[in-house]
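Peer 1: Just a sequence and a predicted model for now, questions to come.
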Amino acid sequence: MRQVLMYKGEDGFWIVECPSLPGCISQGKTKDEALKNIKEAIALYIEALEEDNKPVPQEKYEVMSLVV
């Protein structure tokens, strides 16, 4: 399981990134498309690390909302 951050970009596309996997980012026209794309990106990211015999970072982020 991975935490992801989703927000709408200036171009109207939904951007999704996985903070525990640096550089793992994707997007989509809809939220559903963006989530589908980030799931694939996460799987490929982890697969590439494993193929290179590199450690897969553990999930270490916590989700919180802050009212300012």
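Peer 2: Looks like it came in fine. Residues are numbered from 1 along each chain as shown.
Peer 1: how about the helices in the protein?
Peer 2: 31-51 (DSSP state H).
Peer 1: Surely Lys8 touches Trp14?
Peer 2: Yes. Assessed by CB atoms under 8 Å, Lys8 is found in contact with Trp14 at 5.8 Å. (Each C-beta comes from the backbone N, C-alpha and C, glycine too.)
Peer 1: of those two, who's got more company?
Peer 2: More neighbours surround Trp14 than the other of Lys8 and Trp14, with 20 against 12 (other CB atoms under 10 Å).
Peer 1: Hmm, Ser26 and the more buried one touching each other?
Peer 2: No. In this structure Trp14 lies outside contact range of Ser26 using CB under 8 Å: 9.2 Å.
Peer 1: any residues in contact with both of those two?
Peer 2: Ala34 (CB atoms under 8 Å, 6 or more residues apart in numbering).
Peer 1: Read off the pLDDT value for Leu21.
Peer 2: Listed pLDDT for Leu21 reads 96.
Peer 1: Tell me, how many residues neighbour it?
Peer 2: Leu21 has 19 neighbours, counted by other CB under 10 Å.
Peer 1: same question, Glu17
Peer 2: Neighbourhood size, Glu17 [other CB under 10 Å]: 19.
Peer 1: Contact partners for it?
Peer 2: Going by CB under 8 Å, 6+ apart, Glu17 touches 4-5, 24-26, 38.
Peer 1: Just the buried residues of those residues.
Peer 2: Among these, those buried by neighbour count (16 or more other CB atoms under 10 Å) are 4, 24-26, 38.
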